[in-house]
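Student: Generate coordinates for the sequence data below:
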Amino acid sequence: MTEPAIVGPDHVVSIEYRLTDDQGNLIDTSDGGEPLVFLYGHGQIIPGLEKALEGKPEGHKGHVVIPPADGYGESDPELIFTEPKSTFEFEVEVGQMLEASDEEGETYEYQVIGVDDEGIKLDGNHPLAGKTLTFDVTVLSVRPASPTELSHGHVHGDDGHHH
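Tutor: Numbers count the residues shown, from 1 in each chain. From the prediction side, this is the model:
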């Protein structure tokens, strides 16, 4: 009998998950889609989930509650601001995601959280910032990452390259 593989650094881990907020609303799920595959220890998933999965064997099912600090961080009030309507050359609706880039070419996403006569209120926080996240997770498979995957820092698909 070989020992079941366990989740740890430099392993490729495949999980199925359901993510809900603290009111139990479904935010995201892998149900009906592909499982989430990631390279452990390379910051590809939120820290709290990575920590919770460490040392867990293949087939593990878990229920993980992650505070904002280990998820997408607290909501930063400085990232919430109002722009005059004249800045936008198009009709903007609440809930819309807008992209903006700075001089260095970094792209930022803002969610429109308010539209009134004074202007457009934007929130540059991650939509899940400040939220407590609850994951129901099943570890489907764990395998050591290949040298190529480790040198590239991400998982390669069956065709040898990640899309």
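Student: Now do the phi/psi pair for Gly130.
Tutor: Here is the backbone geometry of Gly130 (degrees, to the nearest 10): phi 80, psi 0.
Student: from memory it sits against Ala69, does it?
Tutor: No - using C-beta atoms under 8 Å as the test, Gly130 is too far from Ala69 to be in contact (10.1 Å). From N, CA and C alone the C-beta is placed, and that goes for glycine too.
Student: Between those two, which has more neighbouring residues?
Tutor: Taking other C-beta atoms under 10 Å, Gly130 and Ala69 do not tie; Gly130 has more neighbours (14 against 10).
Student: what does the helix or strand of the chain with the lowest mean pLDDT rub up against?
Tutor: Counting by mean pLDDT, DSSP states H and E, the weakest-scoring helix or strand in the chain turns out to be strand 97-101, with a mean of 89. Residues outside strand 97-101 that contact it (C-beta atoms under 8 Å, 6 or more residues apart in numbering): 92, 107-112, 122.
Student: let's go with 6 Å and repeat that
Tutor: 107-111 (C-beta atoms under 6 Å, 6 or more residues apart in numbering).
Student: Can you give me the buried ones in that strand?
Tutor: Leu98 (16 or more other C-beta atoms under 10 Å).
Student: Output that strand in PDB with nothing but the alpha carbons.
Tutor: Taking C-alpha atoms only, strand 97-101 is exported to PDB below (Å, rounded to 0.1, in the frame of the first residue of the first chain):
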ATOM      1  CA  MET A  97     -16.900  46.400 -13.400                       C
ATOM      2  CA  LEU A  98     -14.600  49.000 -14.900                       C
ATOM      3  CA  GLU A  99     -10.900  48.700 -15.700                       C
ATOM      4  CA  ALA A 100      -8.500  51.500 -15.300                       C
ATOM      5  CA  SER A 101      -4.700  51.600 -15.700                       C
END
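Student: Following element in sequence after that strand, please.
Tutor: Beyond strand 97-101 on the C-terminal side, the first helix or strand identified by DSSP states H and E is strand 107-116.
Student: helices and strands around the following helix or strand past that following strand, which ones?
Tutor: Sequence-wise, the next helix or strand downstream of strand 107-116 (DSSP H and E) is strand 119-123. Counting contacts by 3 or more C-beta pairs under 6 Å, 6 or more residues apart in numbering; DSSP states H and E, strand 119-123 is packed against strand 80-83, strand 107-116.
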